[in-house]
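> Sharing a sequence plus its predicted fold:
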Amino acid sequence: MSQSTVKTGHPKGLYLLFFTEMWERFSYYGMRAIFVLFMIKELMFSDQDASTIYGSYTGLVYLTPLLGGYLSDRYLGNRRSIMTGGILMAIGQFLLFISASISGSSGSDLAISGGSGSSVTMMWAGLTFLIVGNGFFKPNISTMVGQLYPKGDHRVDSAFTIFYMGINLGAFFSPLICGALGENIGFQWGFLAACIGMILGVITFSVFKDRYLVNEEDGHPIGGPVKKLDMSSIVMIIGSILLIFFLLNFKSLFKSDLDLIGYLIFGSMIIVPAIILWDKSITKEERSRIWVIFILAFFVIFFWSAFEQAGASLTIFAERQTDRHIFNWEMPASWFQSVNPLAIITLAPLFSWIWTQLGKRNMEPPSPRKMAMGLTLLCLGYVVIAFAVKGVDSTAKVAMWWLIGLYVLHTMGELCLSPIGLSMVSKLSPIRFSSLLMGTWFLANAAANKLAGALSALIPSGAGEGGGVTPSILGFQIVTLYDFFMVFIIMTGIAAVILFALSGILLRMMRGIR
């Protein structure tokens, strides 16, 4: 191949998507940094209820991309979907600002412990708009990154790594700003800052999308509308908003312990892949590659359910059992959530360089093996924190460096798994199913986040302020924090070993794509 045909650098559209995603992630992670603390300290929810709500919210955030992917592929196109999602999420953050502003009003008897009636209702409304808005935004902006490049372009992996740095630039600043405002001044101001971040993302995308989101070869716009949105699709959007609001309120409305959100998420994990594979237009080669996406999505569940403890049990651990003092100043607990994105910003160029150099030498590991490496590093992060708490009294505090060490190892695991996973889905998906399969990939994240909330609720009462019931899983009694962290060591360690063993088979099923 002549030098003139080898493209170097990246199209300008990548950097527009970079900054748009950066502001959206600022909004999401800023809210996430203070959400559990807001529920526990302001609404007076128990640790277990706060963990369950956290898992339901973050789980549904990754479920709704199925709807957003469907409507984008058939009607809206990527651009309109991103604008729609951004506006809905800005509304959601503003509703959380209102919820926190009125949370001091007198309490009422709720099925979920704590909280005033009007404040909790506004919280549910805010979460609903955030969940539905994310469904339109998330799969479409990731899909557009892949669309900027010709099929088989060697720059795609590097592009997704750069894009992932944009995600983490926003995620780094947001806990520092939203966390400082929320913990030190008032939670409402942290949510308002997250709202402003989302508005900035929408404005950035709206102003520059026509200029930079074009095909690199012919300058033709990408991600435009497919066809006019009909009434049935509008009804579907409104119905989804009402359904999500109902699901979030189900337990308090009917005084029931039935977990409809869990049934919906885990049921979708079975039904949606079956529907896609049932499509008769899929060729044998396409079907083989789609199976790889689904198999790896299963292993992704174990990774993210352990990783997403950052916003739940690890935040509780940072608040109550981590010595956060630096001289006479105590660092906000939410600031620990900036360690992960800071490490990604620092390490992402190194990992990108390593994959590039290995690729030049024909030594780059295939995607399944990289993902197994990510699970291994995640497991090692929990080994570090388990060592720190082993034999430590439940009322004692450990040095912050143990928690920082966990987050750094988790970051290295994330760099092996997450951007590689997004790139892999982009390369393996048939064009006509690109957004839907990206949404299906995020469905695995939905199951993982819902599981993360359930696992976080197992944190022993000595680490929080709960009752005397000893939590257990599969007959294993969780009495101490060491027991709690061992759950994640065993789970991710076994998953890593199995994925390493299967990587050769999966590589053959990918039919020439690595």
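Sure, I can see it. Because the structure is a prediction, the values reported are computed rather than measured. Residues are numbered from 1 along each chain as shown.
> Assess the claim that L181 and I196 are in contact.
No: applying CB atoms under 8 Å as the test, L181 and I196 come out as separate, 11.1 Å apart. C-beta coordinates here come from the backbone N, C-alpha and C atoms, glycine included.
> Grab the longest helix from the protein for me.
Longest helix in the chain by number of residues, with DSSP state H as the criterion: helix 117-147.
> tell me which residues of the strand or helix carrying I203 are tucked away?
Following DSSP states H and E, one finds I203 within helix 187-212. Neighbour-count burial for helix 187-212, counted by 16 or more other CB atoms under 10 Å, picks out 187-202, 204-205, 208-209.
> dump the residue contacts of F266.
447, 450 (CB atoms under 8 Å, 6 or more residues apart in numbering).
> CA atoms of the helix or strand hosting it as CSV?
Here F266, judged by DSSP H and E, is contained in helix 260-278. The C-alpha coordinates for helix 260-278 follow below in CSV (Å, rounded to 0.1, in the frame of the first residue of the first chain):
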residue,chain,number,x,y,z
LEU,A,260,-39.9,-5.5,38.5
ILE,A,261,-36.8,-3.6,37.3
GLY,A,262,-34.7,-6.7,37.9
TYR,A,263,-37.1,-8.9,36.0
LEU,A,264,-37.2,-6.4,33.2
ILE,A,265,-33.4,-6.1,32.9
PHE,A,266,-32.5,-9.7,33.3
GLY,A,267,-35.4,-10.8,31.1
SER,A,268,-34.2,-8.5,28.4
MET,A,269,-30.8,-10.1,28.5
ILE,A,270,-32.5,-13.3,27.2
ILE,A,271,-35.2,-11.9,24.9
VAL,A,272,-33.3,-9.2,23.0
PRO,A,273,-30.4,-11.5,21.8
ALA,A,274,-33.0,-14.1,20.7
ILE,A,275,-34.9,-11.5,18.7
ILE,A,276,-31.8,-10.3,16.9
LEU,A,277,-30.6,-13.9,16.1
TRP,A,278,-34.1,-14.8,14.8
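> so how far is that helix off the chain centroid?
19 Å (CA atoms, centre = their mean, to the nearest Å).
> Could I get the buried residue list for that helix?
261-262, 264-266, 268-269, 272-273, 276.
> And stretch 280-288, by the same measure?
282, 286.
> That one: end-to-end distance?
This stretch, stretch 280-288, spans 14 Å end to end (CA to CA, to the nearest Å).
> I'd like to check what contacts it. Which residues are they?
By CB under 8 Å, 6+ apart, stretch 280-288 touches 276-277, 290, 430, 432, 509-511.
> Swap in 10 Å and give it another go.
276-277, 279, 289-290, 428-430, 432-433, 508-512 (CB atoms under 10 Å, 6 or more residues apart in numbering).
> ok, which pair from the residues you listed is furthest apart?
R432 and R508 (24.4 Å; CB to CB).
> So which of the two has more stuff around it?
For R432 versus R508, neighbours defined as other CB atoms under 10 Å are more numerous around R432 (13 against 10).
> my read: that one touches D279, true?
Yes: with contact defined as CB atoms under 10 Å, R432 reaches D279; the gap is 9.3 Å.
> Would you mind confirming that E24 is in contact with F136?
No: assessed by CB under 10 Å, E24 is found out of contact with F136, at 11.3 Å.
> Identify the contacts common to these two.
The contact lists of E24 and F136 share 82, 85-86, 89, where a contact means CB under 10 Å, 6+ apart.
> which among the contacts of stretch 280-288 gets closest to N362?
Nearest member of the contacts of stretch 280-288 to N362, counting by CB to CB, is G512, at 14.4 Å.
> Quick one, grab the pLDDT at the closest one.
Predicted confidence (pLDDT) for G512: 68.
> Quick one: low-confidence residue ranges for the stretch 51-200 of the chain.
104-116 (pLDDT under 70).
> swap the cut-off to 50 and go again
105-114 (pLDDT under 50).
> Chain neighbours aside, what residue packs nearest to F18?
Excluding its sequence neighbours, the residue lying closest to F18 (CB to CB, 6 or more residues apart in numbering) is G166, at 3.6 Å.
> host element of that neighbour?
Counting by DSSP H and E, G166 is found in helix 156-184.
> and the contacts of stretch 280-288, which are buried?
276, 289-290, 428-430, 433, 509-510.
> Okay, and which of those residues map to helices?
Short answer: the buried ones among the contacts of stretch 280-288 in helices (DSSP H) are 276, 289-290, 428, 509.
> can the residues you listed go into JSON lines with extra columns for pLDDT and distance to P349?
Formatted as JSON lines, those follow (pLDDT from 0 to 100; distance: CB to CB, whole Å):
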{"residue": "I276", "pLDDT": "85", "distance to P349": "35"}
{"residue": "R289", "pLDDT": "90", "distance to P349": "30"}
{"residue": "I290", "pLDDT": "91", "distance to P349": "32"}
{"residue": "L428", "pLDDT": "87", "distance to P349": "26"}
{"residue": "M509", "pLDDT": "89", "distance to P349": "31"}
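> which of these lies closest to V235?
Looking across those and measuring by CB to CB, the closest to V235 is I276, at 23.7 Å.
> ok, the closest one to S503 distance?
Going from I276 to S503 by CB to CB, to the nearest Å gives 23 Å.
> and if you look at V156?
20 Å.
> Equivalent analysis for N249, please.
N249 sits 44 Å away from S503, going by CB to CB.
> just M165 next, same as before
Distance from M165 to S503, by CB to CB: 26 Å.
> Comparing those two, which shows the higher neighbour count?
Taking neighbours as other CB under 10 Å, M165 and S503 compare with M165 leading, 21 against 18.
> so what's that one closest to, chain neighbours aside?
A348 (4.8 Å).
> need the contact list for the one you found.
Neighbours of A348 in contact, by CB under 10 Å, 6+ apart: 161-162, 164-165, 168, 341, 411, 414-415, 419.
> Surely R324 touches F317?
No: between R324 and F317 there is no contact under CB under 10 Å: 11.1 Å.
> Which neighbours do the two have in common?
333, 336, 397, 403.
> Quick one: residues contacting the first one.
Residues in contact with A333, defined by CB under 10 Å, 6+ apart, are 33-34, 36-37, 175, 179, 183, 314-320, 322, 324.
> By pLDDT, rank those and give me the bottom one.
Minimum pLDDT across the contacts of A333 falls on R320, with 90.
> And for that residue, the neighbour number?
17.
> Could you measure from it over to D393?
Applying CB to CB, the value for R320 to D393 is 13 Å.
> do N215 as well
62 Å.
> Closest one of the buried ones among the contacts of stretch 280-288 to F303?
Distances from F303 to the buried ones among the contacts of stretch 280-288, taken by CB to CB, are shortest for L428, at 18.5 Å.
> which one is the closest one nearest to, not counting chain neighbours?
Per CB to CB, 6+ apart, closest to L428 is R289, 4.2 Å.
> Identify the residues contacting that neighbour.
With CB under 10 Å, 6+ apart, R289 has these contacts: 282-283, 424-425, 427-430, 437, 509-513.
> repeat for S305
S305 neighbours (CB under 10 Å, 6+ apart): 55, 445, 447-456, 488, 491-492.
> follow-up on the earlier one: any shared contact partners between L181 and I196?
With CB under 10 Å, 6+ apart, L181 and I196 have common neighbours G30.
> Same drill for N215 and D393, tell me which one is more crowded.
Counting neighbours by other CB under 10 Å for N215 and for D393 shows that N215 has the greater number, 15 against 10.
> which stretches of the stretch 401-514 of the chain form helices?
434-456, 481-509 (DSSP state H, counting those that start in this stretch).
> Could you export these as TSV, including distance to V145?
Shown next, in TSV, are the helices of the stretch 401-514 of the chain (distance: least, CB to CB, whole Å):
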stretch	distance to V145
helix 434-456	10
helix 481-509	23
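> between those, which one is nearest to A125?
That would be helix 434-456 among the helices of the stretch 401-514 of the chain, by CB to CB, at 20.0 Å.
> got any ranges where the stretch 401-514 of the chain has weak pLDDT?
Checking the stretch 401-514 of the chain against pLDDT under 50 turns up 464, 466.
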